[in-house]
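> Okay, sequence plus prediction incoming.
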Number of protein chains: 4
Amino acid sequence: MPKLGMEPIRRDALVKATIREVGLRGSADVTVSQIAKAAGVSSALAHHYFGTKEALLLSAMRQILRDYGREVRVALAAARGPRARLEAIVRANFAAPNFRPEVIAAWLTFYITAQTSPEAMRLLALYKARLRSNLLHDLRPLAGPGAEKAADGIGAMIDGLYIRHGLGRADAEAATALVLDYLDRLLGDAR
Amino acid sequence: MPKLGMEPIRRDALVKATIREVGLRGSADVTVSQIAKAAGVSSALAHHYFGTKEALLLSAMRQILRDYGREVRVALAAARGPRARLEAIVRANFAAPNFRPEVIAAWLTFYITAQTSPEAMRLLALYKARLRSNLLHDLRPLAGPGAEKAADGIGAMIDGLYIRHGLGRADAEAATALVLDYLDRLLGDAR
Amino acid sequence: MPKLGMEPIRRDALVKATIREVGLRGSADVTVSQIAKAAGVSSALAHHYFGTKEALLLSAMRQILRDYGREVRVALAAARGPRARLEAIVRANFAAPNFRPEVIAAWLTFYITAQTSPEAMRLLALYKARLRSNLLHDLRPLAGPGAEKAADGIGAMIDGLYIRHGLGRADAEAATALVLDYLDRLLGDAR
Amino acid sequence: MPKLGMEPIRRDALVKATIREVGLRGSADVTVSQIAKAAGVSSALAHHYFGTKEALLLSAMRQILRDYGREVRVALAAARGPRARLEAIVRANFAAPNFRPEVIAAWLTFYITAQTSPEAMRLLALYKARLRSNLLHDLRPLAGPGAEKAADGIGAMIDGLYIRHGLGRADAEAATALVLDYLDRLLGDAR
DNA sequence: AATGAATGAGGATTCATTCAT
DNA sequence: GATGAATGAATCCTCATTCAT
């Protein structure tokens, strides 16, 4: 029984299902039909709304990036001072919603997709840039000229811990501690 | 013009072609036919020698791990003392043969594969364990009780820089410097 | 021009085409594509509805068994008394719809299939059991203790004539007469 | 180490392996490679000696027919008088070497093959004719004008019991008894 | 006499995508 | 707004067959 204004609901359900399925199946081997079924609609509808599979995957990627961005923004809003803000950024990266195995698996898949799809690459680069700029903003007052390198190092470590988590253990707490320890060593110079 | 003793030659060519194609195409979407063509043989021959596509992918993964292991071993042999050995390990990770975009892309693909194939997961875990044990061996005399955390941090940063390289620039030299800087900060405690 | 409710129509067409093709080609070498083409659809649709080739073959087998069962049931309904019922069973076995070369060829193929597929074996055993029980039901009042052996003998002869028909001539009339003659000799004891 | 005069040995091994494999695999799904491996040679050699797969299958069929013929001939040689000879024929049909599941399975496969290959059909027809002529020869003095029908009936029953054996139980002894009982009923007329 | 090497042709199966309803 | 119907294209894989050695 079709209703008016179903579009946003369906789109959302499909995007969420995409993230879930890509994560669960843990690979790029997800089919549009699987996603559609998981969203409770026909695969034809998925095409109706997104046109192609790639577009659907990109939408899912954008959603993940958006979720991630929100998480960071919220964390930042509650932090006072550069050091606290840096810690907030780190914590946000390993916060539950972003750190679920399925989301990590989705990220990995998007890394792969990015090697083929320029649009995916663009999105991933955007994430990198945003993280870097966030870090830089608060590192500069603390680390001075070393800020650039510090941002690179911290960003890399975050990424490394992130994908390692997907592969096995490594809990969020330990990951956070490790990065914060690194941060403090970096800031030690300036202190 | 068939010759005798072609098997090792073909296997090698196919494995190399697999790495290359997986890297170039940058995804798990490589077909056996593509790989076979790149190796200059028919897809039937690929199946003749490897049985399944997964087996071929796993062989390629083993080859990459073997190459990586050799690289590290050679670097270690030339190093004197724990600090030098640690630096050797880091450098080896970003050394040219391991750090080519195609190899990195292959690694990423294997990360994905690992989420489905237990054998791939096993191989990846083995790599992680070896890297960690290598680092620990030389960190213990220098970092004492902090060695474990140090190994985790350095390992994570290496992985992060590694996949970041696949995504864009970030040269080997900068990556090496970043990790060594981190290393020195870690060792600063004990110094 | 897709319509709704096509599924039963397509399924039926595919099953019929399967019987026809298996019969015509006279072997298990029929391909799904051949069957699909004969049914006027794509091979993809055959998989869409039946999943696997084996499932399609089994469906065809079930259809043949169903047709056969109906034939026997109809014949039995019109017969009065054990002797007449036995004759009806025999006649039904050689009645036109079951006795077409293509159906016989299909039977033979299913005999082969049964050696690999437990489900096919089950279906064939079911047919055997039903025929035997039908025969026994009416043989017991007439042949007494010899009923079991009589059922086996008649069943075997029917099967033998059946496959012989597939191989060459041997018309239905002669086959029927032969079995009925045997039946009468068997019943002679009790008469 | 190739030897002189290997040809007959290899041919024989391949034919035997064919019968065995066709029987074991219980279907026409046997590959030349499987047969060759079972015979301890390469598949290339099978082609070297037989040219095509079909030729190899036909050779196997001829061998089975030859074995069957010999079995019957030996049995006949030891029998005195028409009745004894008829019984000998029946017994030979259910004698161990012909009645092994694998041989029966091979027979079934050849029935299928016959529907495609004229040569296979010819061989099968030849077997039918020989059995019929054998039966007729000894039925004529005993059954007179009914001999023809008797031969058909007995032949059919033998075939029926034969393939039924392939499908499940039904031991040779019971089969023999059933046919002999039928024979005696047929001869009862003339007695 | 025998085989390893190699492949073309084909077969089952999957899937993104389209379209009429 | 939504879907069942349908398919072309592609994928993995198998196999009979050939050929140089």
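Nice, thanks for sending it over.
> by contact count, what packs against the helix or strand hosting residue A:122?
For residue A:122, the enclosing helix or strand under DSSP states H and E is helix A:118-143. Judged by 3 or more Cβ pairs under 8 Å, 6 or more residues apart in numbering or on different chains; DSSP states H and E, helix A:118-143 is in contact with helix A:53-77, helix A:82-93, helix A:101-114, helix A:147-167, helix A:172-188, helix B:147-167. C-beta: built from backbone N, CA, C; applies to glycine.
> what pLDDT, on average, does that helix get?
The pLDDT scores in helix A:118-143 average 91.
> can you tell me if that helix touches DNA strand E.
No: judged by Cβ under 7 Å from any atom of the strand, helix A:118-143 and DNA strand E are separated, with a smallest distance of 14.1 Å.
> can you pull the buried residues of that helix?
Neighbour-count burial for helix A:118-143 flags A:119-121, A:123-124, A:127, A:131-132, A:134-140, A:142-143 (criterion: 16 or more other Cβ atoms under 10 Å in any protein chain shown).
> Quick one: name the residues of chain A near DNA strand E.
A:29-33, A:43-44, A:46-47, A:51-54.
> filter the residues you listed to the buried ones?
Applying 16+ other Cβ under 10 Å to those flags A:30, A:32, A:43, A:46, A:53 as buried.
> So which of the residues of chain A next to DNA strand E is the closest to residue A:74?
residue A:30 (29.6 Å; Cβ to Cβ).
> Name the nearest residue to the closest one, sequence neighbours excluded.
Once flanking residues are discounted, residue A:30 sits nearest to residue A:21: 4.8 Å by Cβ to Cβ, 6 or more residues apart in numbering or on different chains.
> Tally up the residues packed near that neighbour, please.
Other residues near residue A:21 number 23, with proximity taken as other Cβ atoms under 10 Å in any protein chain shown.
> Filter the residues of chain A next to DNA strand E down to the ones in helices?
A:32, A:33, A:43, A:44, A:46, A:47, A:53, A:54 (DSSP state H).
> Tabulate these in TSV, adding columns for pLDDT and distance to residue B:103.
Converted to TSV, these look like this (pLDDT from 0 to 100; distance: Cβ to Cβ, whole Å):
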residue	pLDDT	distance to residue B:103
A:32	96	31
A:33	96	34
A:43	97	36
A:44	96	40
A:46	97	35
A:47	97	36
A:53	94	28
A:54	92	25
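> Farthest-apart pair in those residues, please.
Checking those with Cβ to Cβ, the most distant pair is A:44 and A:54, at 17.0 Å.
> got a list of contacts for the helix or strand of chain A with the lowest mean pLDDT?
Of all helical and strand segments in chain A, the minimum by mean pLDDT, DSSP states H and E falls on helix A:96-99, at a mean of 79. Contact with helix A:96-99 is made by A:67, A:68, A:71, A:92, A:93, A:103, A:162, A:165, A:172, as judged by Cβ atoms under 8 Å, 6 or more residues apart in numbering or on different chains.
> Would you mark the buried spots in it?
A:98, A:99.
> related to what we said a few turns ago, among the residues of chain A next to DNA strand E, which one sits closest to residue B:88?
Using Cβ to Cβ, the residues of chain A next to DNA strand E come closest to residue B:88 at residue A:29, 38.6 Å.
> sorry, back to before: put the buried members of the contacts of helix A:96-99 into a ChimeraX selection.
In ChimeraX syntax, the buried subset of those is picked out as below (16+ other Cβ under 10 Å):
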select /A:68,71,92,93,103,162,165,172
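> Please render the contacts of helix A:96-99 as CSV that adds pLDDT to the earlier fields.
Output for the contacts of helix A:96-99, formatted as CSV (pLDDT from 0 to 100):
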residue, pLDDT
A:67, 90
A:68, 90
A:71, 91
A:92, 93
A:93, 90
A:103, 83
A:162, 88
A:165, 82
A:172, 87
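> show me which of the contacts of helix A:96-99 neighbour chain B.
By Cβ under 8 Å from any Cβ of the partner chain, the members of the contacts of helix A:96-99 lying near chain B are residue A:162.
> hmm, stretch A:181-191 in reach of chain B?
Yes: using Cβ under 8 Å from any Cβ, stretch A:181-191 comes into contact with chain B via A:181, A:182, A:185, A:186, A:188.
> Out of the residues you listed, the closest to residue A:115 would be?
residue A:182 (28.6 Å).
> What is the burial count for that closest one?
Other residues close to residue A:182 by other Cβ under 10 Å number 23.
> Is it in contact with residue A:155, as I believe?
No: applying Cβ atoms under 8 Å as the test, residue A:182 and residue A:155 come out as separate, 11.2 Å apart.
> May I have the predicted confidence score for residue A:94?
90.
> Check residue A:104 too.
84.
> Show me the shaky parts of chain A.
A:1-4, A:26-27, A:168-170, A:189-191 (pLDDT under 70).
> Give me every residue in it lying close to chain C.
Residues of chain A lying near chain C (Cβ under 8 Å from any Cβ): none found.
> I figured residue A:163 hits residue B:163, correct?
Yes: counting by Cβ under 8 Å, residue A:163 does reach residue B:163; the two are 6.6 Å apart.
> Regarding residue A:115, what are the backbone dihedral angles?
phi -70, psi -10 (degrees, to the nearest 10).
> how close does it sit to DNA strand E?
18 Å (Cβ to the nearest atom of the strand, to the nearest Å).
> Isn't that residue up against residue A:108?
No: judged on Cβ under 8 Å, residue A:115 makes no contact with residue A:108 at a distance of 11.9 Å.
> overlap in contacts of those two?
When Cβ under 8 Å, 6+ apart defines a contact, the residues bordering residue A:115 and residue A:108 alike are residue B:108.
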